[in-house]
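> Sequence and predicted model, in that order:
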Amino acid sequence: MTPNGPGCGNSFVGQRACAATLTTASRGNLSALRFSEAPTSLLAGGSDRKPSPMRVALLVPLVLLAACGSQVQPAPDTDPTWFKDVQPVITSRCAGCHRAGGIAPFSLTTYEEVKAQGAAVVDSVKSHRMPPWQPSDSCEPLRNSRRMAQAEVDTLEKWVAAGAKQGDVADEQALSQPGVLPWVDQTLAMDEPYTPTRARGPDDYHCFILDPKLGGPQDVIGFQVVPGVTREVHHVLFYSIPQADAAALEDGSPDYGWECFGGPGTDAPKLIGGWVPGTDVVRFPGQTGLRMFSGDVLVMQIHYNLSATEAAPDQTTVKLQYAKNPVPYSAQMLPLVDHSFRIPPLAKDFKTSVDIELPVDAQLWGVVPHMHTKGKSIKVELLPRAGEAGDKCLVDVPHWDFHWQEFYFFQSRTGLPMKAGQTLRLSCAWDNPTDKTVRWGEGTDDEMCLAFIYATGAL
């Protein structure tokens, strides 16, 4: 989810894409899709050389100046300190999850907390386990990357090695405030609180209907998800779905809402947005937006995780920003799918790919990859037309983690041009530790090879 903002923060689980999908049967045609970040060398030359008269002449005034005071001043302390150097890094990179009430198992917001965890923090950032950011930097530059710069890693490591000095509070820097939408047209909340259960272990995937009661088409251009109980809400996705389809699923559930692992459980849901810890507001790029229609509702899928907390009643809300006028470039979230794969029992690094040729020119703004828990890697590429050169890697996730999925928007302010005749390639790999063949499906034990592309044009 663009996610935007501080912390370890923007995850997006895929959705059912059986209708209006790009499958291996449609390799060669995208037309089936129709859904609605003083010089130290002064005495250079070696200690065995005698200083020249010029060097002596230069040094004498310096010595005399130093002798004018009662004592020689010590060199300034160059070790990093908490207030001046470390706190800004921790606040922007870690505190979105590692805070009181957050999804992380411990807080990292005060000097004492970070000092106590200093060695663990350095180990995590040096190995790039934290902050969580899945895509490789070798592909198209992405907005809001959480990957920690090497200079930031070096600062944390040097700070811990030098004794984790607190420094002068006068050096504390003003920290950025959470972003806000320029305006909010609707705030949609769950009808009632929901308390997650451990019926299937620590993870509870549950869907709820949020009805905007639209009287006509609206272009969503921004949103903000506000979790009710942040320590248990791992991520949130929401989809635009016909009201009748969503009501049928809710009517079939004995509880408020319904269980939903892979997606909301309806045909051709339209992904609108989502949230992961640390995500701030999300605004769609350029002059684009996703259109909703009268009779559509939002279905909000929440992944609750109770690994480090007891269940509590949650009532998450979503704030929506609509365009004041129809957007110039109405976007679609189009699925690239390979659902013909069969992963053999005990297979390691089993790979598949699907190529889809573009029938028309289009503009690409972002990608949302998705697999389930057996996923190992996923990659989306844009290949040139026949006779042309220049493969372009869009997104590459070499070490897939089901629990950290999100929107990836490109840094380009105008999107990436795609030309008719070029090919989108989706590649997936899995490890299958089970003794059963694994196929495409919505269930926990099933798998997916799916990527949504956020695109504009006559697709």
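Received the coordinates, thanks. What you see is a predicted model; the values in this text were computed from it and never measured.
> Only C-alpha atoms from now on, for both contacts and neighbour counts.
Fine.
> Would you mind confirming that Gly215 makes contact with Ser294?
Yes - counting by Cα atoms under 8 Å, Gly215 touches Ser294, with 5.3 Å between them.
> which one of the two has more residues nearby?
Using other Cα atoms under 10 Å, the more surrounded residue of Gly215 and Ser294 is Ser294, with 14 against 10.
> how close does that one sit to Val225?
From Ser294 across to Val225, the span is 22 Å (Cα to Cα, to the nearest Å).
> cool, Arg198 as well?
In this view, Arg198 and Val225 are 24 Å apart by Cα to Cα.
> same deal with Leu336?
Taken as Cα to Cα, the span from Leu336 to Val225 is 26 Å.
> which stretches of the stretch 301-450 of the chain have low pLDDT?
Within the stretch 301-450 of the chain, no stretch has pLDDT under 70.
> Next: the stretch 151-300 of the chain.
The model of the stretch 151-300 of the chain has pLDDT under 70 over residues 174-178, 278.
> which SS state does Val367 fall under?
strand (DSSP: H, G, I helix; E, B strand; the rest coil).
> That one - nearest residue in space that isn't next to it in sequence?
Distances taken as Cα to Cα, 6 or more residues apart in numbering place Ile453 nearest to Val367, at 4.6 Å, with adjacent residues excluded.
> which residues pair with that neighbour across the strands?
Leu334, Val367 (DSSP bridges).
> quick one, what contacts it?
Neighbour list for Ile453: 332-336, 364-368 [criterion: Cα atoms under 8 Å, 6 or more residues apart in numbering].
> can you check Gly257 too?
Gly257 sits next to 206-209, 250 when contact means Cα under 8 Å, 6+ apart.
> distance of it from Leu210?
The span separating Gly257 from Leu210 equals 11 Å under the rule Cα to Cα.
> and if you look at Val220?
Separation of Val220 from Leu210 (Cα to Cα) stands at 15 Å.
> cool, and Ala389?
Counting by Cα to Cα, the gap between Ala389 and Leu210 amounts to 47 Å.
> So for the two, which sits in the more crowded spot?
Between Ala389 and Leu210, Leu210 has the larger neighbour count (other Cα under 10 Å), namely 23 against 9.
> Gln224 versus that one, what's the distance?
Distance from Leu210 to Gln224, by Cα to Cα: 14 Å.
> who's more crowded, Leu336 and Val225?
Between Leu336 and Val225, counted using other Cα under 10 Å, the more crowded position is Leu336 (28 against 24).
> Reduced to three states, what does that one come out as?
With three-state DSSP as the basis, Leu336 sits in strand.
> Is it correct that it is in contact with Tyr454?
No - Leu336 lies out of contact with Tyr454 (Cα under 8 Å); the separation is 11.0 Å.
> And Ala362, its phi and psi?
phi -160, psi 170 (degrees, to the nearest 10).
> which one is Val114 nearest to, not counting chain neighbours?
Leu108 (5.3 Å).
> What segments of the protein are helices?
Remark: helices assigned in the chain by DSSP state H are 53-67, 87-93, 111-116, 118-126, 150-161, 243-251.
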